[in-house]
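Peer 1: From the sequence below, what's the structure:
(one chain, ligands or ions: 1)
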Amino acid sequence: MPRPIRATIHPQAIVHNIQRARTATHTAGSRIWAVIKANAYGHGIERVYAGLKNADGLAMLDFDEARLVRRLGWDKPILMLEGCFDSTDYASALELGLTVVVHRQAQIDALALTLAQNQSACIDVYLKMNTGMNRVGFNPQDYGAAFAQLRALQGVGEIGLMTHFANADLPNGADKALALFNTTVAPIMAQYPDTVRCVSNSAASLTLPNAHFDWVRPGIMIYGGSPFADTHAAECDLKPAMTLSSEIIAVRDIQAGDAVGYGSRFVAPCAMRIGVVACGYADGYPRHASDQTPIAVDGVRTHVVGRVSMDMLTVDLTGVPNARVGSKVELWGAHIPIDEVAQAANTIGYELMCALASRVAVTVDDVQE
Ligand SMILES: *Cc1c(COP(=O)(O)O)cnc(C)c1O
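Peer 2: Numbering: from 1, shown residues only. As a prediction, the model looks like this:
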């Protein structure tokens, strides 16, 4: 028998969450780039694909991922969030009909060269502005000139205006960046009023109507994770697209003063029953999960006790007297929000999703039409 741990992917939840993004942005009527970088935040592009159909475009980083979704039949727009890494990527972009981000001068130069060699080619681009994240993007003072260079290139189609917020998950956290973006693009919008703008991640899609514009770029919310530290996904009306489940593989009674696991982090305050779960950090469960980390056994919420090992972790069965070997365990999913597990392990749901280990067997729920 294989180890009982498995991940279950729910494409139907993705359908719901994309609809949620649409409702949240309906006043602006924004179109939706579903962000599927990092193999759809660890869910697997092919596994979630059936749920992505209602998005208007897919946004990603890897050209192999773009090739994959074209092969799966995606004929709507694709946005490459970091653009081309070298000039061969422009050939792929033309071949696959991709929209590419341009965030530095060398990318414009390489694009100009590619277009000079392909007189009939046409490519849409998104011009990225740095509004305070200070990773990639043209600084505001250089943005207008970069736009003018692109506009002058034969073969450049639509030029979208974009930025990415550093603090959209905090109250008023994006105000300064949005104001800077608006001021900087104003002359462009005056001259080309139909130019599309795209600035919102999940947090901004859910909370900043002024930032919705023509397109939004939700990622984490598509998978049913919360972009906020203090608001649960369910409160945002989001459904988890991944369940991580396993089983109890051993039960033992311990006495007051007995310790559990490596480093004896947990010491029993009284006689209690402990369950051992077939799940460890080599499956992607966070090793830094504290003794407060929630976990469900036979549908009953309890918590981790002791350090997480490579292949096992231990739980308090005090409140689950009927639990035994074979009892079902939910590590995260509909009953145990991944964000709560993440918080108890000092990280974020994004990291846990992306860290799901390849040794974990994955099944996919059917999509109901
Ligand atoms: C990852 C990413 C997003 C999505 O962010 P979420 O917080 O997951 O919604 C949007 N835009 C860019 C440029 C990104 O890299």
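
Peer 1: Residue 133: neighbouring residues, count only.
Peer 2: When neighbours are defined as other C-beta atoms under 10 Å, residue 133 has 14 of them. C-beta coordinates here come from the backbone N, C-alpha and C atoms, glycine included.

Peer 1: Up against the ligand, what does the stretch 51-200 of the chain have?
Peer 2: 81, 164 (C-beta under 6 Å from any ligand atom).

Peer 1: Look through the stretch 51-200 of the chain and state the residue closest to the ligand.
Peer 2: residue 164 (4.2 Å; C-beta to the nearest ligand atom).

Peer 1: residues contacting the residue in the stretch 151-300 of the chain positioned nearest to the ligand?
Peer 2: Residue nearest to the ligand within the stretch 151-300 of the chain: residue 219 (2.5 Å; C-beta to the nearest ligand atom). Residues in contact with residue 219 (C-beta atoms under 8 Å, 6 or more residues apart in numbering) are 34, 35, 37, 41, 201, 202.

Peer 1: Which ones, among those residues, also lie beside the ligand?
Peer 2: Counting by C-beta under 6 Å from any ligand atom, the subset of those that neighbours the ligand consists of 35, 37, 201, 202.

Peer 1: Strands of the stretch 251-369 of the chain, start to end?
Peer 2: Remark: strands assigned in the stretch 251-369 of the chain by DSSP state E, counting those that start in this stretch are 259-260, 266-267, 272-277, 294-297, 300-303, 313-316, 328-332, 361-364.

Peer 1: Rebuild these as CSV, extending it with mean pLDDT.
Peer 2: Shown next, in CSV, are the strands of the stretch 251-369 of the chain (pLDDT from 0 to 100):
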stretch, mean pLDDT
strand 259-260, 97
strand 266-267, 96
strand 272-277, 98
strand 294-297, 98
strand 300-303, 98
strand 313-316, 98
strand 328-332, 98
strand 361-364, 97
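
Peer 1: Residue 118: which of those is closest?
Peer 2: With C-beta to C-beta as the criterion, residue 118 lies closest to strand 361-364 of the strands of the stretch 251-369 of the chain, at 39.4 Å.

Peer 1: Can you list the buried residues in that closest one?
Peer 2: residue 364 (16 or more other C-beta atoms under 10 Å).

Peer 1: chain center to stretch 319-335, what's the gap?
Peer 2: 27 Å (C-alpha atoms, centre = their mean, to the nearest Å).

Peer 1: out of the contacts of residue 219, who's nearest residue 281?
Peer 2: Closest approach to residue 281 among those (C-beta to C-beta): residue 41, at 19.1 Å.

Peer 1: quick one, what contacts the residue nearest the centre of the chain?
Peer 2: The chain has residue 220 as the residue nearest its centroid, 3.6 Å off, counting by C-alpha atoms, centre = their mean. Contacts here follow C-beta under 8 Å, 6+ apart; on that basis residue 220 touches 41, 202, 226, 227, 349, 350.

Peer 1: what do you get if the cut-off is 10 Å, keeping everything else the same?
Peer 2: By C-beta atoms under 10 Å, 6 or more residues apart in numbering, the contact list for residue 220 reads 17, 35, 41, 169, 201-203, 226-228, 233, 238, 338-339, 348-350, 353.

Peer 1: Dihedrals phi and psi, the closest residue in space to the residue of the stretch 51-200 of the chain closest to the ligand that isn't next to it in sequence?
Peer 2: Sequence neighbours aside, residue 133 is the residue nearest to residue 164 in space, at 5.9 Å (criterion: C-beta to C-beta, 6 or more residues apart in numbering). Note on residue 133: backbone dihedrals following degrees, to the nearest 10 are phi -70, psi -30.

Peer 1: ok, the residue of the stretch 151-300 of the chain closest to the ligand to residue 202 distance?
Peer 2: Going from residue 219 to residue 202 by C-beta to C-beta, to the nearest Å gives 6 Å.

Peer 1: The residue nearest to residue 164 reaches residue 163, doesn't it?
Peer 2: Yes - with contacts counted by C-beta atoms under 10 Å, residue 133 reaches residue 163, the gap being 8.2 Å.

Peer 1: Mutual contacts of those two, please.
Peer 2: Joint contacts of residue 133 and residue 163 (C-beta under 10 Å, 6+ apart) are residue 177.

Peer 1: Residue 170 reaches residue 203, doesn't it?
Peer 2: Yes - counting by C-beta under 10 Å, residue 170 does reach residue 203; the two are 8.4 Å apart.

Peer 1: When those two are compared, which one has more neighbours?
Peer 2: It is residue 203, of residue 170 and residue 203, that has more neighbours when counted by other C-beta under 10 Å, with 24 against 13.

Peer 1: and the more buried one, what does it touch?
Peer 2: 165, 167-170, 173-174, 211, 218, 220-221, 226-228, 231, 236.

Peer 1: Just the buried positions in the one helix or strand it maps to, please.
Peer 2: Secondary structure from DSSP states H and E places residue 203 in helix 202-207. Residues 202, 203, 204, 205, 206, 207 are the ones in helix 202-207 that count as buried (16+ other C-beta under 10 Å).

Peer 1: mind saving the C-alpha coords of it as PDB?
Peer 2: C-alpha atoms of helix 202-207 as PDB (Å, rounded to 0.1, in the frame of the first residue of the first chain):
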ATOM      1  CA  SER A 202      -5.400  39.500  -5.500                       C
ATOM      2  CA  ALA A 203      -5.300  41.900  -2.500                       C
ATOM      3  CA  ALA A 204      -6.000  44.900  -4.800                       C
ATOM      4  CA  SER A 205      -8.600  43.000  -6.800                       C
ATOM      5  CA  LEU A 206     -10.500  42.400  -3.600                       C
ATOM      6  CA  THR A 207     -10.200  45.800  -1.900                       C
END
